[in-house]
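K.L.:
curious how this folds, go ahead:
(2 chains)
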Amino acid sequence: MNAPATLPAFDVPPLNPDELHFEFSGSGGEYFKIWIVNLLLSIVTLGLYSAWAKVRRERYFMGNTLLDGSAFEYHADPVKILKGRLLVMAAIVVLNIAAEFNPLLNLVVMLLFAVLLPWMISRALRFRAHNTSWRGLRFAFDGLTWEAAKAWVLWPIAGVLSLGILLPVALAKQRRYLFNHLRFAQAEFEIDLPVGPVYRIFGRVALFALAYVAVLIGLGVVLGGSLDLFSPGDGAHDGGAAFGLYIMAAMLALYVGFALIAPYVSVRMANLSFNQANLQNHGFFSDMLPGRYVWIVLSNWLLTAVTLGLYRPFAVVRLWRYRVEHLALLPAGTLTAFMAVQAEEARVIGEEAADLLDVDLGF
Amino acid sequence: MASITARLFDGQSSRPVPVRLTVVAGGVDLEVQGGSAPRERLALAALHWHEPLSRAMRRVDLPGGRHCEVVRDEALTAFLGALGHRESTITVWQRSGLRVALAIALILAVGLAGYRWGLPLVARGVAHALPVAAVQAIDVQLLKTLDASHLLAPSELASTRIAAIEIEVAPLIAGRGSDDPVRLHFRKAPAIGANAFALPGGDVVVTDALVVLAPTDAHVAAVVAHELGHVAHRHGLRNLIQASVLAAVIGVWTGDFSSLATAGATVVLSSAYSRDFEFEADAWGADLLARNDRSPILLATMLKRLEQAHGAKGEASAEAGGGGFGDYLSSHPATAERIERLNQAVQ
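P.N.:
Residues are numbered from 1 along each chain as shown, chains lettered A, B, ... in the order given. Modelled structure (predicted):
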């Protein structure tokens, strides 16, 4: 993780390594300082500073994420982020108040949200990509709202109506949308993501969940049964309390278990997506271990709760570092040949509108 | 003469160009290494140094959409020193451990002050600014939801008893010095037990068990006086506002990592506010009773009886093996203090 003491020589074309690992040079301690100063200024300015805070956070994470010795850069203008945030907040407040007074409006609000969500998703992806660069060349995203609507609204609805059978298809469509419309400079990302492996991920989740619930129920039956058999009379009081305690512990275990499904699916999907994606002829390789990743997420939750939130910057860095350091580029040649998109081409793909305002959805 | 090597990117391609930057009078000279291109003189104002967020590298923007990546080492420090470059205030703050500690202390102070004084003040202002009609719309919705759930069922009290209580309460409602409408509801609620509660918009619900527990109708009226205090101070609404703001703040602070944890923390933090509300409603109710020539002792008696009723029930359910955890939370630790204050109000 240490920076090279000297820069690589440029006159000699670099050897063609099999794998170029992404690196992260930040640390939890450093980010803690940025986070605490961001937080203080956000509180003092009643949240207005949060847009600037976001830019500084993204700059820290991008600026410490390195590929081939060069850092990524985040360029967003905080004022545009602030505009986007105010817009979204105003919409949420108005819609919530409207729904509070008239239940019929609830339906209208949900419909409106279903229409607005895809627009916000495509906007957010566009803004994010446009404001990220590497070696002075920008990323870009040209996915349409309608495509986002299919992946984030229509397919999930189909998934729910089919009792979850079509949900993996929805997830695959979302990944395809994210990758197939992304480009770096003039180079385009592509993903060939079949639904079969996504179904296998969900199959595993279903098996895990069934086994987990079965173990919890089995433990309960054993505990409850033994109490009935061996602690009659006076002991029944204590046994009942112990069983009540077990029920509470089991409920908590169930809640935590189901909360871990999302990170598990997310890490498996990330591995799958990157391994199926390419940028021109360059491939990617992601080898995160699902068990390790889920453990990081779980221990991050615990430590954040125990420290009343103070561990959060360390937690974020820890997870990001794991993701970055398990991702590699499989270069097909030198990385010096990427060329910037020219002005007229940028107009065609709607690039200039990308920077209008940010809709912050956490992509 | 301070100078550094760097990699230059022209913004048109990803090809790095090795360059040397040298401090000269009035600016910086840029020279492509191993090339025959002439030196380029850059004005100091044309250089934009990025905040040093990465340990490995620092970026400086040059005119013409170009930028340089510079390794952060002693040579760069010397170079910046020779340029007379000054870091931004925020960078200085972040570097100093003392100032970071100061930031933590400030956040704690602002957070605590906001929690203890700021939020209650804002909630009170907002609650009193909202029009009564709007708040009543919330009540109608709430009562409908409660009635539809298994929590509340139609009252099984004799209609004569209800009428008697309403006659007892009427002077209190008339004499409280406000035109905002108040509606009294009676409901059977086995899950809640003996209790009475006020909704934000002036709907007061009394459970059958509370009426059974009360020795006389005047005792029921005393409890209603306390609930009218909640209505007058708009406690229901203030509670709603405070809890939503707390939930939002906790969500931001913890990154919303678990809705269960957020809800739990909100309940714990809100409970301190509800203690203040109970004292406020007691004082208001006692004053109303006294102005109508009734004794606040009626309310104190009911508080004692309610505590005993809930305590007994809690023990009973623990005996049954169900655990008395819920009753632990709902039983008021401050009941003794509340009774003490009511007794003092009489003297």
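
K.L.:
and the strand or helix carrying B:Ala134, which residues are buried?
P.N.:
Counting by DSSP states H and E, the element that carries B:Ala134 is helix B:132-148. For helix B:132-148, burial by neighbour count (16 or more other C-beta atoms under 10 Å in any protein chain shown) applies to B:135-136, B:138-139, B:141-143, B:146. C-betas here are computed from N, CA, C, even on glycine.

K.L.:
below-threshold pLDDT in chain B: ranges please.
P.N.:
Applying pLDDT under 70 to chain B flags the ranges B:254-261, B:312-333, B:347.

K.L.:
which residue sits farthest out from the middle of it?
P.N.:
Centroid-distance maximum for chain B: B:Ser36 at 65.4 Å, with C-alpha atoms, centre = their mean.

K.L.:
wait, a helix at that one?
P.N.:
No: counting by DSSP: H, G, I helix; E, B strand; the rest coil, B:Ser36 is not part of a helix but coil.

K.L.:
any idea how far it lies from chain A?
P.N.:
Look at B:Ser36 and chain A: by C-beta to the nearest C-beta, to the nearest Å, they are 14 Å apart.

K.L.:
can you check B:Ser13 too?
P.N.:
Using C-beta to the nearest C-beta, we find B:Ser13 at a distance of 5 Å from chain A.

K.L.:
kindly report the same for B:Leu98.
P.N.:
Taking C-beta to the nearest C-beta, one finds B:Leu98 at 12 Å from chain A.

K.L.:
which residue ranges of the stretch 101-250 of chain B form helices?
P.N.:
B:119-129, B:132-148, B:159-174, B:208-213, B:217-232, B:235-254 (DSSP state H, counting those that start in this stretch).

K.L.:
now for those helices, which one comes closest to A:Phe338?
P.N.:
For A:Phe338, the closest of the helices of the stretch 101-250 of chain B is helix B:235-254, at 38.1 Å, according to C-beta to C-beta.

K.L.:
send me that closest one as CSV with only the CA atoms.
P.N.:
Extracted in CSV, the C-alpha atoms of helix B:235-254 (Å, rounded to 0.1, in the frame of the first residue of the first chain):
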residue,chain,number,x,y,z
HIS,B,235,-47.4,17.0,23.7
GLY,B,236,-48.6,14.4,21.2
LEU,B,237,-47.5,16.5,18.2
ARG,B,238,-44.3,17.6,19.9
ASN,B,239,-43.5,14.0,20.6
LEU,B,240,-44.1,13.1,17.0
ILE,B,241,-41.8,15.9,15.7
GLN,B,242,-39.1,15.2,18.2
ALA,B,243,-39.1,11.4,17.5
SER,B,244,-38.9,11.9,13.8
VAL,B,245,-36.1,14.4,14.0
LEU,B,246,-34.2,12.1,16.4
ALA,B,247,-34.7,9.1,14.1
ALA,B,248,-33.4,11.1,11.2
VAL,B,249,-30.3,12.3,13.1
ILE,B,250,-29.6,8.8,14.4
GLY,B,251,-30.0,7.5,10.9
VAL,B,252,-27.5,10.0,9.5
TRP,B,253,-25.1,9.4,12.3
THR,B,254,-25.0,5.6,12.1
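
K.L.:
in chain B, which residue is closest to the centre?
P.N.:
Most central in chain B (C-alpha atoms, centre = their mean) works out to B:Leu246, at 1.6 Å.

K.L.:
next up, the contacts around it.
P.N.:
B:119, B:265-266, B:269-270 (C-beta atoms under 8 Å, 6 or more residues apart in numbering or on different chains).

K.L.:
tell me which two of the residues you listed sit farthest apart.
P.N.:
B:Leu119 and B:Ala265 (14.4 Å).

K.L.:
so which residues on the stretch 51-200 of chain B come close to chain A?
P.N.:
Proximity of the stretch 51-200 of chain B to chain A, by C-beta under 8 Å from any C-beta of the partner chain, involves residues B:51, B:53-57, B:59, B:65-67, B:69, B:71-73, B:90, B:93-95, B:100, B:103-104, B:106-107, B:110-111, B:134, B:137-138, B:141.

K.L.:
among the residues you listed, which ones are buried?
P.N.:
B:51, B:53-57, B:59, B:66-67, B:69, B:71, B:93-94, B:100, B:103-104, B:107, B:138, B:141.

K.L.:
if I look at A:Val93, how far off is B:Leu240?
P.N.:
15 Å (C-beta to C-beta, to the nearest Å).

K.L.:
who's more crowded, these two?
P.N.:
Neighbours of A:Val93 and B:Leu240, each counted by other C-beta atoms under 10 Å in any protein chain shown, are more numerous for B:Leu240; the result is 17 against 10.

K.L.:
any idea how far the residue nearest to that one when sequence neighbours are not counted lies from B:Glu307?
P.N.:
Distance criterion C-beta to C-beta, 6 or more residues apart in numbering or on different chains; nearest residue to B:Leu240, sequence neighbours excluded, is B:Pro200 at 6.5 Å. For B:Pro200, the distance to B:Glu307 equals 26 Å [C-beta to C-beta].

K.L.:
next one: A:Ile191
P.N.:
From A:Ile191 to B:Glu307 the distance is 65 Å (C-beta to C-beta).

K.L.:
where's A:Met120, which helix or strand?
P.N.:
Secondary structure assigned from DSSP H and E places A:Met120 in helix A:103-130.
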